[in-house]
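Peer 1: sequence plus predicted model, see below.
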Amino acid sequence: MTRFKYHFLSALFLFAALATAQEEQKKEREPGHYNQSKFKQMYEEFATPNNYRSASGAPGPDYYQQQADYVMDIELDDKNAKIYGEETITYTNNSPDDLEYLWVQLDQNVRAKTSKSPLRDGGGVPMAEQAGSFVQKYITEPFDGGFNIEFVKDANGKDLSYTINQTMMRVNIPQPLKSKEQISFSIKWNYNIPDHTVNRARSGFEYFPEDGNRAYVIAQFFPRMAVYSDVEGWQNHQFWGSGEFALPFGDYEVNITVPADHVLDATGTLQNRKEVFSKEMMKRYEKAKKSYDKPVIIVTQEEAEAAEKNFSTKKKTWKFKAENVRDYGFATSRKFIWDMQAVKLGNRDVMAVSMYPKEGNPLWEEYSTKAVAHTLRSYSAHTFDYPYPKAISVHAKNQGMEYPMICWNYGRPNEDGSYSDRVKYGMISVIIHEVGHNFFPMIVNSDERQWGWMDEGLDTFMQFMAEQEFGEAYPEAIAPNSTYPSRRGEPSKIVPYMSGDQSTIAPIMSNPENVYQLGPNAYGKPATALNILRETVMGRELFDHAFKTYSQRWKFKHPTPEDFFRTMEDASAVDLDWYWRAWFYTTDYVDIGVKGIKKYYVSDKPSKKMQEYMAARNITEADLPPLVYLAEEDSEDADPNLKGKAPSDNSKSLKEFMMDNMTESERAAVKEPKYFYEVTFDKPGGIPMPLIVEYTYADGSTKNITYPPEIWRKSDKEVSVVISSQTELTGIVVDPKMETADIDTTNNSWPAQNGPSDFDKMKENIKGK
Ligand SMILES: [Zn+2]
């Protein structure tokens, strides 16, 4: 072995030993953390890809979905607030399986007298109760709002046996429905319509005592096919009230009979407009189809107020057809004012529509259709062009509920027509949100019963972008020099939830029936997680392309969480397993701080610490190649003469190296750093995030460095980085723009800030709202 080789190997050994010593120190701090790495891939949590769902997150070559087509005759008995229906369902089994029975959803049974839904929540006596619900709970008999099933018959009119288990009905077909075959059967039913303002139903009527009228918003009103899929088999999890709906796509032909003086709109295209519209309404409608900049009134407030007094005993039937929808809803009343405008999307025209009683004005005529049109434009730009012919916003007190092409929205002015900013922004926001639901889950048709966040979270994220764009498109609608006051989406807004009592927080990946606070769990947190992903982790370009890819891959299909998670990575080349794990599968929070800083200078001589280290390993300086040593300024053997000097003045080996390897002009051009710092960041929070740091120097300059989240991959609690500079470092701030939802910013600065922290200020801010 030559002397040179010996030198070389000693040096290698030394550096390897140094590196290992560092790793060992960290291991001692965190026993076993290698087995629980937050950057481990999600093979255990994710379903295994297969021929139905590809590893890329796209539908696989054998992907299938069932089809349920409906022909329905519906009649509303306004006097008795009852609804009657007869429907024929044609169900196509596209699955590879033979089905021995069919499951039909009877959601109204959640309002049956015998419903178990009110009995499942413990919790004791509340401090206060709404008067209406108090009366319902303790004073009157329970409302009888369940389905009365008159018959279930096959295509030949022969009775089919059926079994009702709460909100699910199993139709016992005599022979299995074979793969690729179709079956038709009919159901006749009726039920009592609830007052939705009393018992928080998603569907029902509001009664107006001043004029004796009702305004109906009707949905989940007919027995609907459950979803059968490669993921769940039959999705027949009961409807308890929180977890929404899972429904297959199909074509609908629906005839709805109501009092002749009612105005009605519904999912689908109206087939007999000339029969149900007056001549004047037809004229206005033709005008609305060409009005792209503002709505045209189809039924005026004056006409609606006149109609309120009639109570016609005649009937009218409104006939609709809808293609490729997963559900059906309609709204009807004498009280409705009606306006519409056209929206250009690509080369298609879509109608933006609003219906509202006079109680909604003047707010509704000013903002509703404007918000509908804006939502269609904004969401289409981020996903795909809205494929349906229209989108309707119906005003219903305290409602915020979505169906294909139609939704119910709150936002009612005071009786004198005045309204607060809170009511105005609440109304615009709920319209954006509910119209937005056309995209998620009406078209990108996820399973709401199982995963609330897949529609609510994605929609709330899209809502945040659409609200901000609304503020830009209509600056006159918001306060001067401000942005739209979004309630959810900004990282700081989710801090109170994520930093709250862990015993009342569930992971986003939970069934909506089982979470404690559904709002932040299924809406706020996933929306914020996506916003942070877009703005901070992936960047807009990569995120927007991936999000659009997901939307287009799963448009008119049934995606699962894995399909979303996988597509976002597949289309962007960003490994996000750590992000999904932290934000969606745990209740961890973000808290990253700056722990400390040490100053170093360059020297020719090993420090005392280094000498001890070498001695322990039997290495002498003669064994080593020429080295540049770094010594800590605060150590007892520090040489004050060497501090703040150019490294090549302090180190002979460095100077020699530069002389040998750089030209004179190269040497003249370099500016050697004079200050060396080891900055240590700690992470009390469980979520790894990009480490966003702003360094400030004595000359007033600042430098921003974003270390990738992978900086935490080997040490989850603490990392140190080296900073070199020509002027002294005077300040460090972690996450200076508050973009990570860091729950405690009191540890985000060096030197530590005095006075109220940003966190305290933010808390004050939240309290004030
Ligand atoms: Zn929603």
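Peer 2: Thanks, I have the structure now.
Peer 1: quick one, what contacts the spatially closest residue to Arg534 that is not a sequence neighbour?
Peer 2: Leaving aside its chain neighbours, Arg534 sits nearest to Phe543 (4.1 Å; criterion: C-beta to C-beta, 6 or more residues apart in numbering). For glycine as for every other residue, the C-beta is placed from the backbone atoms N, C-alpha and C. Going by C-beta atoms under 8 Å, 6 or more residues apart in numbering, Phe543 touches Leu533, Arg534, Met568, Ser572.
Peer 1: can you check Thr269 too?
Peer 2: Phe320, Lys321, Ala322, Pro389, Lys390.
Peer 1: what's the farthest-apart pair in the residues you listed?
Peer 2: Lys321 and Lys390 (12.7 Å; C-beta to C-beta).
Peer 1: okay, those two: which has more neighbours?
Peer 2: Lys390 (22 against 13; other C-beta atoms under 10 Å).
Peer 1: so which strand or helix has the residue most central in space within the chain?
Peer 2: By C-alpha atoms, centre = their mean, the chain has its centre lying nearest to Gly457, at 1.8 Å. Here Gly457 sits within helix 452-473, counting by DSSP states H and E.
Peer 1: just the helices from the stretch 551-700 of the chain, written as ranges.
Peer 2: 561-570, 577-579, 608-616, 647-650, 652-661, 664-669 (DSSP state H, counting those that start in this stretch).
Peer 1: can you give me the buried ones in the shortest one?
Peer 2: Spelled out, that is helix 577-579. Asp577, Trp578, Tyr579 (16 or more other C-beta atoms under 10 Å).
Peer 1: and the fifth one, by the same measure?
Peer 2: Of all the residues in helix 652-661, those buried under the rule 16+ other C-beta under 10 Å are Leu654, Lys655, Met658.
Peer 1: show me the contacts for the second one.
Peer 2: When you say that, I think you mean Lys655. Residues in contact with Lys655 (C-beta under 8 Å, 6+ apart) are Ser648, Asp649.
Peer 1: separation between it and Val628?
Peer 2: 10 Å (C-beta to C-beta, to the nearest Å).
Peer 1: distance of the residue lying closest to Thr313 once chain neighbours are set aside from Glu75?
Peer 2: Using C-beta to C-beta, 6+ apart and skipping residues adjacent in sequence, the residue nearest Thr313 is Pro259, 7.5 Å away. Note on Pro259: its distance to Glu75, by C-beta to C-beta, is 11 Å.
Peer 1: same thing with Lys737?
Peer 2: 58 Å.
Peer 1: could you do Glu672 as well?
Peer 2: From Glu672 to Glu75 the distance is 88 Å (C-beta to C-beta).
Peer 1: now swap in Leu99 and tell me
Peer 2: 32 Å.
Peer 1: neighbour-wise, which of those two wins?
Peer 2: Leu99 (20 against 16).
Peer 1: and that one, bridged to which residues?
Peer 2: Leu99 has these beta-bridge partners by DSSP bridges: Leu177.
Peer 1: hmm, it is touching Lys180, no?
Peer 2: No. Using C-beta atoms under 8 Å as the test, Leu99 is too far from Lys180 to be in contact (11.5 Å).
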